[in-house]
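1. whatever this is, show me its structure:
(one chain, ligands or ions: 2)
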Amino acid sequence: MTQVHDLAVLGGGPAGYATALRAAQLGLDVALVEERELGGTCLHRGCVPTKAWLQAAKTRTTVAKADRLGIGAILTGVDAAKVRGFADSLVSGLHRGLTGLIRSRGIRVVPGHGRLVVDAEGPALDVDGELLRAHNVVLATGSAPVTLGLPTDGERILTSEHALRLEQLPGRAVILGGGVIGVEFASLWRDLGVDVVLVEARPHLLPNEDPDLVAVLERRLRARGVDLRLGAKAEGIVRDGDQVRLELPDGTVTADVALIAVGRRPVTGGLGLEEAGVALTSTGHVSATRELATTAAGVFAVGDLIAGPQLAHRGYAHGIFLAEQLAHLSGGRPIRPRPPEDRDIPRITYSSPQLASVGLTREQAAATGGCEVSDFDLRGNARALMLAPGDRDAGLVRVIRRPGGALVGVHLVGEDIAELIAEGTLMVGWQATPDDVKDLIHPHPSLSEALAEANLTLAGSALHMHA
Ligand SMILES: Cc1cc2nc3c(=O)[nH]c(=O)nc-3n(C[C@H](O)[C@H](O)[C@H](O)COP(=O)(O)OP(=O)(O)OC[C@H]3O[C@@H](n4cnc5c(N)ncnc54)[C@H](O)[C@@H]3O)c2cc1C
Ligand SMILES: NC(=O)c1ccc[n+]([C@@H]2O[C@H](COP(=O)([O-])OP(=O)(O)OC[C@H]3O[C@@H](n4cnc5c(N)ncnc54)[C@H](O)[C@@H]3O)[C@@H](O)[C@H]2O)c1
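-> Ligands and ions are numbered 1, 2, ... in the order given. Okay, the predicted model is just below:
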């Protein structure tokens with residue numbers, strides 16, 4: 001008799017493997033299909049290697065600025081192949097750990113390319129010709145870079161995947177797209193000594209973030225020599241021998257490499273979705289309810305396949321929710337879980353300086369019920385001044401509440417400030433008021449005091465804030 005799993009998951013990235021791990025923990029019998037490596041984009045081609053490169057870039061900057069703190073240090077150069085080796089070793093260690101964890105939970109890992117099939121017996125996955133039957137199927141095939149039809153070749157015209165595999169840094173790079181990937185690469189390449197031109201079609205970098213904080217980031221990138229071309233939509237890139245030429249409305253930019261970072265599209269092609277009755281949205285994402293159900297019975301979707309912020313921790317949240325929901329519906333878990341809301345998901349751009357946020361921006365809050373805003377300038381924070389010695393723009397912490405009501409947004413920009421967004425996530429997620437959190441004591445000297453001060457101002461009792 002054919003084995004029927006409780007759950008079959010297509011795609012072993014953060015969203016798919018989180019679904020599988022939580023479902024197995026709740027006693028479901030799970031199969032996980034992956035055609036490349038468990039861990040997906042995030043572990044192998046995204047979050048982890050980019051942050052390793054950013055850490056290397058930060059180390060170079062620390063050495064270059066050591067003299068400001070009285071430390072003599074001689075910078076002898078950057079060995080890009082070794083930086084890549086550092087990133088690779090982190091990735092392979094984490095990959096080993098993840099593979100072992102998945103095995104230890106009794107999840108059946110099926111290597112191969114899967115397609116969705118829905119027939120009279122229900123949903124199933126066809127994995128390279130073998131049928132994998134399950135009561136429920138979860139689609140978690142993630143996303144891939146948008147290339148705008150430009151001729152990416154992995155040598156001169158690159159996606160982020162190629163950029164992470166370079167063994168030699170370019171002398172000069174042009175980056176197309178000033179979103180999260182464009183900003184992180186501009187920051188890290190510049191700090192490793194590359195001349196960078198960053199081209200963004202919109203008037204500012206990171207269009208979804210609070211413009212006042214983005215302005216700090218733009219000033220700091222410009223001060224380090226990044227050539228920002230804002231409001232400039234690229235019209236074409238050509239390779240010309242060892243150079244690339246990018247056509248902009250106001251002229252041509254030449255460089256050794258071009259990085260295309262203009263967004264990522266959901267991976268839905270060739271999966272048999274249409275035949276199985278899974279509808280797509282006008283943007284090509286899988287159409288799903290708040291509970292992550294698609295239009296085909298017994299078929300769900302998680303992660304980057306669903307329109308919204310493309311973030312690993314959103315994928316984890318989807319996976320955990322869905323596994324708990326399926327366990328609940330099958331009678332194995334009395335508590336009905338709450339679907340994750342995109343609004344509560346924190347975002348971090350790990351550039352130098354880092355920019356992090358959760359909840360509404362000032363514009364969004366003002367347009368949807370009004371707001372009160374409190375800003376704390378990091379020049380008044382001892383820890384921030386140690387972390388950015390000599391930089392005039394130390395950064396900013398912004399806290400937003402509804403008039404007389406709950407906190408709805410926290411926004412941070414500054415050196416090493418991103419981890420602090422976890423506290424902002426608690427404040428916004430718990431819908432705390434400034435009074436609820438004003439008596440919580442923050443350690444000194446720490447960046448967290450800036451958040452405490454911004455909140456104290458909203459509660460009417462600022463201590464270190466200038467009037
Ligand atoms: C350069 C870069 C940096 C990033 N940095 C961060 C960061 O710092 N923080 C953050 O939160 N997010 C970051 N992201 C985004 C993050 O990587 C994604 O949001 C996350 O990986 C999405 O998870 P997912 O499981 O939905 O999809 P993916 O991670 O894309 O995984 C999908 C998996 O499905 C597999 N698959 C696809 N089709 C099939 C098929 N037919 N059969 C079998 N297997 C299949 C793929 O091989 C892949 O392993 C970054 C992305 C990039 C590109
Ligand atoms: N730290 C993180 O969490 C992190 C890091 C990297 C990537 N990611 C995820 O990966 C996803 C993809 O990142 P991304 O930066 O490629 O996409 P993005 O959507 O964040 O930004 C793309 C940018 O390219 C611009 N653009 C589009 N066409 C253009 C053109 N022809 N000329 C000039 N500019 C153009 C857009 O205006 C936009 O600002 C993001 O949504 C993000 O969630 C997250």
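
2. only C-alpha atoms for contact and neighbour calcs from this point on.
-> Noted.

3. next structured bit after the longest helix along the chain?
-> For the chain, the helix that runs over the most residues, judged by DSSP state H, is helix 80-104. Moving toward the C-terminus from helix 80-104, the next helix or strand (DSSP states H and E) is strand 108-111.

4. does ligand 1 sit close to that following strand?
-> No. Against ligand 1, strand 108-111 shows no contacts by Cα under 6 Å from any ligand atom, the least distance being 7.4 Å.

5. can you point out the buried residues in the helix or strand just after that strand?
-> Using DSSP H and E, the helix or strand that follows strand 108-111 towards the C-terminus is strand 114-119. Within strand 114-119, the residues scored as buried using 16 or more other Cα atoms under 10 Å are 114-118.

6. may I see the buried residues of the longest helix of the chain?
-> By neighbour count on 16+ other Cα under 10 Å, the buried set for helix 80-104 is 80, 83-84, 87-88, 90-91, 94-95, 98, 102.

7. distance of the closest residue to ligand 1 within the stretch 101-250 of the chain relative to Ala15?
-> In the stretch 101-250 of the chain, the residue found nearest to ligand 1 is Gly142; the distance is 3.1 Å by Cα to the nearest ligand atom. Gly142 is 8 Å from Ala15, where distance means Cα to Cα, to the nearest Å.

8. tell me, what's touching those two both at once?
-> Residues touching both Gly142 and Ala15 (Cα atoms under 8 Å, 6 or more residues apart in numbering) are Gly303.

9. those two - which one has more neighbours?
-> Neighbours per residue (other Cα atoms under 10 Å) separate Gly142 from Ala15, with Ala15 holding more: 32 against 28.

10. hang on, isn't the more buried one packed against Ala312?
-> Yes. The pair Ala15 / Ala312 is scored as a contact, 7.1 Å apart, by Cα atoms under 8 Å.

11. around ligand 2, pick out the residues from the chain.
-> Residues of the chain lying close to ligand 2 by Cα under 6 Å from any ligand atom are 176-182, 199-202, 206-207, 233-234, 261-264, 309-311, 347-350.

12. near ligand 1, which residues of the stretch 251-400 of the chain?
-> Counting by Cα under 6 Å from any ligand atom, the stretch 251-400 of the chain sits next to ligand 1 at 271, 303-304, 310-313, 315.

13. and the furthest pair within these?
-> By the measure Cα to Cα, Leu271 and His313 form the most distant pair in these, at 24.4 Å.

14. please name the nearest non-neighbouring residue to the closest residue to ligand 1 within the stretch 351-467 of the chain.
-> Using Cα to the nearest ligand atom, the single residue of the stretch 351-467 of the chain nearest to ligand 1 is Ser351, 10.2 Å away. Spatial nearest neighbour of Ser351, chain neighbours left out: Glu184 (4.8 Å); criterion: Cα to Cα, 6 or more residues apart in numbering.

15. give me the number of neighbouring residues for that neighbour.
-> For Glu184, using other Cα under 10 Å, the count is 22.

16. kindly export the helix or strand where it lies (C-alpha atoms) in PDB.
-> Here Glu184, judged by DSSP H and E, is contained in helix 180-191. Output of helix 180-191 as PDB, limited to C-alpha atoms (Å, rounded to 0.1, in the frame of the first residue of the first chain):
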ATOM      1  CA  VAL A 180      18.200  46.000   0.800                       C
ATOM      2  CA  ILE A 181      20.500  43.900  -1.300                       C
ATOM      3  CA  GLY A 182      21.900  47.000  -3.200                       C
ATOM      4  CA  VAL A 183      22.500  48.900   0.100                       C
ATOM      5  CA  GLU A 184      24.200  45.900   1.900                       C
ATOM      6  CA  PHE A 185      26.500  45.300  -1.100                       C
ATOM      7  CA  ALA A 186      27.200  49.000  -1.600                       C
ATOM      8  CA  SER A 187      28.200  49.300   2.100                       C
ATOM      9  CA  LEU A 188      30.300  46.100   2.200                       C
ATOM     10  CA  TRP A 189      32.100  46.600  -1.100                       C
ATOM     11  CA  ARG A 190      32.900  50.200  -0.300                       C
ATOM     12  CA  ASP A 191      34.300  49.200   3.100                       C
END
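
17. neighbour-wise, which of the residues of the stretch 251-400 of the chain next to ligand 1 leads?
-> Per-residue neighbour counts (other Cα under 10 Å) across these peak at Gly303, which has 29 neighbours.

18. mean pLDDT per element in this protein, and the minimum belongs to which helix or strand?
-> Taking mean pLDDT, DSSP states H and E as the measure, strand 236-240 is the helix or strand of the chain with the lowest mean score, a mean of 91.

19. mind checking what helix or strand follows that one in sequence?
-> strand 243-248.

20. pull the distance from that next one to the chain's centre.
-> Mean-position distance between strand 243-248 and its chain equals 28 Å (Cα atoms, centre = their mean, to the nearest Å).

21. re earlier: on the three-state scheme, the residue of the stretch 351-467 of the chain closest to ligand 1 is what?
-> coil (DSSP: H, G, I helix; E, B strand; the rest coil).

22. look at it and report its pLDDT.
-> Per-residue pLDDT puts Ser351 at 98.

23. so what's it up against?
-> Per Cα under 8 Å, 6+ apart, neighbours of Ser351: 54, 183-185, 187-188.

24. repeat that with 7 Å
-> By Cα atoms under 7 Å, 6 or more residues apart in numbering, the contact list for Ser351 reads 183-184, 187.

25. ditto for Val174
-> Listed by Cα under 7 Å, 6+ apart, the contact set of Val174 reads 196-198, 255, 257-259.

26. reformat the residues of the stretch 251-400 of the chain next to ligand 1 as TSV; add pLDDT and secondary structure.
-> TSV is the format used below for these (pLDDT from 0 to 100; DSSP: H, G, I helix; E, B strand; the rest coil):
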residue	pLDDT	secondary structure
Leu271	98	coil
Gly303	98	helix
Asp304	98	helix
Gln310	98	coil
Leu311	98	coil
Ala312	98	helix
His313	98	helix
Gly315	98	helix
